[in-house]
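In: Make a model of this:
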Amino acid sequence: MKNPIAYAALAAFLSACSPKNDPAAHMKTASLTYQQDGKDFEGYLALPKKTDKKLAGVLLIHDWTGLDDYEQMRARMLAENGYVAFAMDMYGKGVRATNHKEAGELSGIYGKDRKLLRSRIETALQVLKSRPEVDSSRIAIIGYCFGGMAAIEAALMAADIRGVVTFHAALSFPTLVADAGNIKVPLLIHHGGADKFVPEKDVKALRAQLDKVKAEYQLVVHPGATHGFTLKSNVGHEEHFGMKYDVKADLESWASMLSFLRKTLK
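Out: Residues are numbered from 1 along each chain as shown. Model (predicted):
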């Protein structure tokens with residue numbers, strides 16, 4: 001039986017990705033430079049072109065390679081659904097990983113220094129909240145892989161947001177036990193059932209701690225989905241990297257996120 005939600009998500013996905021689709025016709029996009037600690041960062045902003053009221057905002061945190069076309073595409077997809085989307089830059093203007101070694105080195109800085117990670121997120125949040133088009137009381141954070149870990153870290157630091165959504169996130173948190181009680185917003189965690197990059201012990205530890213503090217959360221496990229299941233760039237890399245694009249998990253997780261945002265940002 002056809003799933004109307006999944007097919008609606010597919011239509012939106014194809015619309016956003018189509019080379020014939022002209023974002024300028026119905027939305028505004030721009031690279032946005034901002035500063036922290038004397039360093040330049042370059043994010044990407046996407047929002048509906050015409051609006052007569054302030055809109056909810058979504059901060060998008062990139063995967064371990066850095067902000068690129070993929071996150072920009074997702075930001076446009078969010079704008080098509082009526083949100084002001086800001087894809088932040090965690091690494092600095094012009095700093096992007098070109099291979100897995102560099103990605104590990106760049107993301108590893110924040111794995112070791114969660115205080116720095118939190119400060120980067122807070123700065124980007126303020127950039128989004130300061131936009132005149134944004135209702136600063138209605139903000140959510142979404143993240144992919146490394147960015148998913150960072151999004152949950154935002155909840156652990158009690159950031160002033162309405163909710164968090166993650167896709168194939170790293171799920172190891174040094175301050176989980178100490179800070180889980182800070183989580184006051186709903187979490188929607190999409191995880192691949194065949195994710196070899198995220199140890200099962202991390203999944204169990206997160207679930208146990210969230211249950212202990214009675215956090216409001218959904219941990220959705222997509223059967224057979226690997227790490228990076230939303231990334232079309234993984235097509236052809238299945239054997240080498242153990243990652244595979246999964247269209248079903250991609251569409252279902254995106255539709256689930258849109259439903260979550262409608263409820264939490266209303």
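In: Sketch out the helices for the stretch 51-200 of the chain, chain order is fine.
Out: Taking DSSP state H, counting those that start in this stretch as the test, the helices found in the stretch 51-200 of the chain are 69-80, 100-112, 114-129, 146-156, 176-179, 200-212.
In: wait, which of these is closest to residue 86?
Out: Nearest to residue 86, of all those, is helix 114-129, at 4.3 Å by CB to CB. No exception for glycine: its C-beta is placed from N, CA and C like everyone else's.
In: so what secondary structure elements neighbour the closest one?
Out: Helices and strands touching helix 114-129, as assessed by 3 or more CB pairs under 8 Å, 6 or more residues apart in numbering; DSSP states H and E, comprise strand 27-36, strand 39-48, strand 55-61, strand 84-87, helix 100-112, strand 134-144, helix 146-156.
In: got the buried residues for it?
Out: Neighbour-count burial for helix 114-129, counted by 16 or more other CB atoms under 10 Å, picks out 114, 117, 118, 120, 121, 124, 125, 127, 128, 129.
In: Now the two most distant members of the residues you listed.
Out: Pairwise over the buried residues of helix 114-129, using CB to CB, the maximum falls at 114 and 129, 21.9 Å.
In: Take the helices of the stretch 51-200 of the chain and lay them out in JSON lines including mean pLDDT and distance to residue 140.
Out: Below are the helices of the stretch 51-200 of the chain laid out as JSON lines (pLDDT from 0 to 100; distance: least, CB to CB, whole Å):
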{"stretch": "helix 69-80", "mean pLDDT": "96", "distance to residue 140": "10"}
{"stretch": "helix 100-112", "mean pLDDT": "95", "distance to residue 140": "21"}
{"stretch": "helix 114-129", "mean pLDDT": "98", "distance to residue 140": "10"}
{"stretch": "helix 146-156", "mean pLDDT": "97", "distance to residue 140": "9"}
{"stretch": "helix 176-179", "mean pLDDT": "92", "distance to residue 140": "19"}
{"stretch": "helix 200-212", "mean pLDDT": "96", "distance to residue 140": "18"}
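In: Per-residue confidence, residue 263, what does it come out as?
Out: Confidence per residue is given as pLDDT, and for residue 263 that number is 98.
In: How many residues are close by it?
Out: Other residues lying near residue 263 total 11 when counted by other CB atoms under 10 Å.
In: That one: what secondary structure?
Out: Secondary structure assignment for residue 263 (DSSP: H, G, I helix; E, B strand; the rest coil): helix.
In: element containing residue 258?
Out: Using DSSP states H and E, residue 258 sits in helix 247-264.
In: Which elements pack onto that helix?
Out: Secondary structure elements in contact with helix 247-264, counted by 3+ CB pairs under 8 Å, 6+ apart, are helix 4-17, strand 134-144, strand 163-167, strand 187-192, strand 217-222.
In: Can you name the residues that contact the closest residue in space to residue 265 that isn't next to it in sequence?
Out: If you skip the residues right next to it in sequence, residue 265 has residue 56 as its closest partner in space, 3.9 Å away by CB to CB, 6 or more residues apart in numbering. With contact set as CB atoms under 8 Å, 6 or more residues apart in numbering, residue 56 has these partners: 82, 83, 84, 134, 135, 138, 139, 140, 261, 265.
In: Now for residue 149: which residues touch it?
Out: Neighbouring residues of residue 149 by CB under 8 Å, 6+ apart: 143, 166, 169, 170, 171, 172, 173.
In: For PyMOL, write a command that selects the buried ones of those.
Out: The following PyMOL selection, which keeps only the buried ones among those, applies the criterion 16+ other CB under 10 Å:
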select buried, resi 143+166+169+170+171+173
